[in-house]
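Student: Give me a 3D structure for the following:
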Amino acid sequence: MTETGKILSPAQQEIFWRDGYLVMDGAVDDATLAKLRRQMDDWGEESRGHTEPYGPPTVDDRPRFDMGEEHSAEQPALRRINNPCEVSEHFHAVMTDAPMVDMVADLIGPDVKYHHCKINSKLPGSETVVRYHQDFPYTPHTNDDVVTALLLLDDVDEENGCLMVVPGTHKGTIDSLFQDGAFTGMVAPALEQDYIARQVPIEGKAGAVCLMHTRLQHGSEANLSADRRRGIYICVYSAADAVPIARNPMPSTLEGTIVRGQASRTARMIPLQVELPQQPKSASFFTVIGQNSAGTSGGGEG
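Tutor: Reported below is the predicted structural model:
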């Protein structure tokens with residue numbers, strides 16, 4: 001600990017607010033990490049028996065588990081698990097009471113609430129790509145004290161498709177995720193090329209966390225490794241007085257849970273303008289950006 005009750009030092013907090021992200025080791029203990037990894041192994045094996053997205057369904061009746069179009073029993077491509085904390089006690093425990101939650105509270109606390117969570121998984125040979133975007137246009141709030149905690153479930157580097165970010169972009173514009181009036185879920189191609197030219201990799205060992213500001217530009221490429229999974233548990237938190245102004249893209253029975261401090265009686269407003277997102281109707285947003293789920297064909301959803 002640094003200051004009383006805090007994990008992040010003032011210097012580490014300064015790095016986060018300067019760059020828009022911070023990578024920290026020790027986000028969960030070794031025993032907890034082992035439980036999460038075993039659960040991921042089990043879900044990966046389970047997906048072999050399915051040819052299209054499957055349940056148990058989320059609260060808005062979408063499949064909880066989503067696989068890429070290239071998925072097969074021989075080479076599974078499980079890529080998304082929606083709100084895993086609803087179906088796994090281990091993932092629930094991490095979302096509510098792991099050191100990474102205290103790190104988030106150091107940045108936007110003391111009063112912090114949960115918004116949603118998901119797992120993005122890239123198995124070897126999968127074709128999953130995340131195009132450049134900011135999270136805030138997907139989950140706009142009355143203020144931008146919103147932090148995404150990306151817990152590395154595996155050792156992650158460029159070969160197996162690590163997160164790529166553009167430092168400092170959280171201080172810039174909120175870029176449109178629409179093109180020609182259609183919601184694409186990604187920035188315009190010219191902007192993306194500019195961000196790619198300035199991107200830096202988020203590499204680390206399993207058990208580390210990347211704390212990322214909601215307005216930071218980020219994306220990732222496919223897993224090109226021969227035998228290494230890249231799993232990331234993604235939990236989104238906000239200050240208690242940050243109130244959503246659009247429907248949660250991944251609604252949960254646990255949305256709004258106070259994980260640190262107390263609930264707020266007020267909504268804090270900051271001057272901003274943001275386009276309201278179009279929420280996915282399929283198992284994951286990957287279909288929005290043109291990457292079909294297993295068992296589907298054709299273009300992305302409307």
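
Student: quick one: low-confidence ranges for this structure?
Tutor: Along the chain, segments meeting pLDDT under 70 span 1-5, 280-302.

Student: so where do the helices sit in it?
Tutor: For the chain, the helices defined by DSSP state H cover 10-19, 30-47, 89-97, 99-108, 189-198.

Student: how deep is the closest residue in space to Leu224 that isn't next to it in sequence tucked in, by neighbour count?
Tutor: Taking CB to CB, 6 or more residues apart in numbering as the measure, Leu224 lies nearest to Glu159, with 5.6 Å between them; neighbours along the chain are not counted. Backbone N, C-alpha and C define where each C-beta goes, glycine included. For Glu159, the tally of surrounding residues (other CB atoms under 10 Å) stands at 14.

Student: My understanding was that Glu159 contacts Ala226; is that so?
Tutor: No. Proximity of Glu159 to Ala226 does not meet the contact threshold set by CB atoms under 8 Å, at 9.2 Å.

Student: neighbours around the closest residue to Gln179 other than its chain neighbours, how many?
Tutor: On the basis of CB to CB, 6+ apart, the spatially nearest residue to Gln179 that is not a chain neighbour turns out to be Ala188, at 6.2 Å. A count of neighbours around Ala188, defined by other CB under 10 Å, yields 15.

Student: Columns distance to Ala182 and mean neighbour count on top of the helices of the chain, output as TSV?
Tutor: Conversion of the helices of the chain to TSV gives the following (distance: least, CB to CB, whole Å; neighbours: other CB atoms under 10 Å):
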stretch	distance to Ala182	mean neighbour count
helix 10-19	32	15
helix 30-47	30	16
helix 89-97	33	18
helix 99-108	33	23
helix 189-198	14	13
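
Student: Ok, which of those helices comes nearest Leu150?
Tutor: Closest approach to Leu150 among those is made by helix 99-108 (9.3 Å; CB to CB).

Student: Show me what that closest one is packed against.
Tutor: helix 10-19, strand 112-122, strand 146-152, strand 209-213, strand 230-239, strand 258-260 (3 or more CB pairs under 8 Å, 6 or more residues apart in numbering; DSSP states H and E).

Student: Dump these to JSON lines, plus distance to Met269.
Tutor: JSON lines is the format used below for those (distance: least, CB to CB, whole Å):
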{"stretch": "helix 10-19", "distance to Met269": "20"}
{"stretch": "strand 112-122", "distance to Met269": "17"}
{"stretch": "strand 146-152", "distance to Met269": "14"}
{"stretch": "strand 209-213", "distance to Met269": "19"}
{"stretch": "strand 230-239", "distance to Met269": "12"}
{"stretch": "strand 258-260", "distance to Met269": "20"}
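
Student: how about the ones you listed, which one is nearest Pro167?
Tutor: It's helix 10-19; of the helices and strands packed on helix 99-108, that one is closest to Pro167 (CB to CB) at 4.3 Å.

Student: chain center to that closest one, what's the gap?
Tutor: Using CA atoms, centre = their mean, to the nearest Å, the mean C-alpha position of helix 10-19 is found 21 Å from that of the whole chain.

Student: What sits closest to Gly161 if chain neighbours are left out?
Tutor: Asn223 (4.2 Å).

Student: swap that for Phe16, sorry
Tutor: Distances taken as CB to CB, 6+ apart put Leu22 closest to Phe16, at 4.1 Å, once the chain neighbours are dropped.

Student: Then Thr169?
Tutor: Of all residues beyond its chain neighbours, the one nearest Thr169 is Gln217 (4.1 Å), with distances taken as CB to CB, 6+ apart.

Student: That neighbour contacts Val165, doesn't it?
Tutor: Yes. With contact defined as CB under 8 Å, Gln217 reaches Val165; the gap is 6.9 Å.

Student: Just confirm Ala239 contacts Arg268, I think it does.
Tutor: Yes. Using CB under 8 Å, Ala239 is in contact with Arg268, at 7.3 Å.

Student: Identify the bridge partners of the most centrally placed residue in the chain.
Tutor: For the chain, the residue sitting closest to the mean C-alpha position, by CA atoms, centre = their mean, is Ile234 at 3.8 Å. According to DSSP bridges, the partner residues bridging Ile234 are Lys118, Leu150.

Student: do you know how far the residue nearest to Leu224 is from Glu221?
Tutor: Glu159 sits 10 Å away from Glu221, going by CB to CB, to the nearest Å.

Student: beta partners for the closest residue to Gly256 other than its chain neighbours?
Tutor: Nearest non-adjacent residue to Gly256, counting by CB to CB, 6+ apart: Lys113, 5.7 Å away. Under DSSP bridges, the beta-bridge partners of Lys113 are Ser238, Ile258.
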